[in-house]
Every structure is written in structure tokens, then in C-alpha cells.
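Asker: Need the 3D shape of this:
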Amino acid sequence: MTQPIILIMGVSGCGKTTVGELLAQRIGRPFYDGDDFHSAANVAKMAAGHPLTDADRAEWLATLAKDFGQWEAAGGAVVACSALKESYRQTLQAGASLPIGWVLLDGDPAVLRARLEGRQGHYMKADMLASQLATLERPSYGLKLNIEDTPEQLVQQIIDQLHLTPTASQA
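Answerer: A predicted model of the protein is given here:
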């Protein structure tokens, strides 16, 4: 397994969790949502409409990086994480001994905004999209997939392009 950690990244509303959960099910790996690892203070800050700073994200990224090593040792995982900046991705990669399979879900800001406006019960509001898009440093590596494809299409592209093996029940 050359890429035990597959990281689905992008701004809020791009479908990281939906695609990540479906991919994990298809390839038989556990799924972890990076949002679940934010501190209560970070969640409260975002819920109040304030973007996180690099300092706010430092402990969160360090925790995820540590977990990457554990998940890799346990056979791999699929992780949804915004990973908006190159420095964040470097921190995360430092926690794994093998290369991470990077997948950027990207698309039209109007589509992203519409998705966020239609979402119920999530702390990340549509008004925060502009700050995330301004922060996003698109990587020159990894897969870059268009969010206008269906989640099923996106998962199949990831499986095909990263040469992943679906579980027997999902093949």
C-alpha cells in the first residue's frame, strides 16, 4: 500500500466528507473528518463567523499529523481535511512515513456558496467561504477533481487514478 492515508481536501462545501465517507466504504478503510478534531474554541470562533488564524490551526494540525502516523500503522485511512495552505499540508505529511494521497475537490465559488447556504446545523457558514477561498493555495501535486461530478463519479476517479483496490463487496 503506497498511500495508506488518502486526504480529501478543499474549502467548506466542496464535498470532502461525502466523498471521503464513500471512498472509505469502497476501499475498506476507516474515515476520519478533520473537523471532528478542532478544539471547542476553534469551533466557537468559526460559528461566530470568524476565520481561524494559522495560530488557531497549529494544535489541530499537530494532532492530525500525530494521528496520521497511527492510522498509517493500522493499515490506512481516508481523511477529510481542508488543508488549505501548503504549510498545513507539510505539517500533515510530516506525521506520515509514506506519501499521502492528496485529492483536491475544487469548483465554482457559486456552487460552493449554494451548497453552504443549503446546509443545516454546521458551524461553517456561507459567509466564511470568501476567507477560505482567499486562503486556499492549490497544490501543484495530487489529484484535482471538479465538484460538479457526482460523489460516486469522484470516488471512482480517485480509485482509478490512485490505483486503489475496492473491497470485494464493493468491486
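Asker: Tell me which helix or strand Ala83 sits in.
Answerer: In this structure, Ala83 sits in neither a helix nor a strand according to DSSP states H and E.
Asker: State the distance from Gly49 to Val111.
Answerer: As judged by Cβ to Cβ, to the nearest Å, Gly49 and Val111 stand 22 Å apart. To be clear about C-beta, it is placed using only N, CA and C from the backbone, and glycine gets the same treatment.
Asker: With Ile158 instead?
Answerer: Distance from Ile158 to Val111, by Cβ to Cβ: 19 Å.
Asker: the more surrounded of these two?
Answerer: A count of neighbours by other Cβ atoms under 10 Å puts Ile158 above the other of Ile158 and Val111, at 24 against 14.
Asker: Identify the residues contacting the more buried one.
Answerer: Ile6, Val19, Leu23, Gly101, Val103, Leu143, Leu145, Leu164 (Cβ atoms under 8 Å, 6 or more residues apart in numbering).
Asker: mind listing which of those residues are in helices?
Answerer: Counting by DSSP state H, the part of those found in helices is Val19, Leu23.
Asker: tell me which of the contacts of Ile158 is nearest to Glu59?
Answerer: Ile6 (23.6 Å; Cβ to Cβ).
Asker: List the buried residues for the lengthiest helix in the chain?
Answerer: In the chain, ranked by residue count with DSSP H as the criterion, the top helix is helix 54-73. Residues of helix 54-73 classed as buried under the neighbour-count rule (16 or more other Cβ atoms under 10 Å) are Asp56, Arg57, Trp60, Leu61, Leu64, Ala65, Asp67, Phe68, Trp71, Glu72.
Asker: Over to stretch 109-118?
Answerer: Leu112, Arg113, Arg115, Leu116.
Asker: If you count contacts, what does the strand or helix carrying Arg113 end up packed against?
Answerer: For Arg113, the enclosing helix or strand under DSSP H and E is helix 109-117. With contacts defined as 3 or more Cβ pairs under 8 Å, 6 or more residues apart in numbering; DSSP states H and E, helix 109-117 has these neighbours: helix 129-135.
Asker: Can you give the contact residues for the helix it packs on?
Answerer: Against helix 129-135 from outside (Cβ under 8 Å, 6+ apart): Val11, Ser12, Gly13, Pro51, Ser82, Leu84, Lys85, Pro109, Leu112, Arg113, Leu116.
Asker: residue ranges of the strands in this protein, please?
Answerer: Secondary structure of the chain (DSSP state E): strands at 5-9, 31-33, 77-80, 101-106, 143-146.
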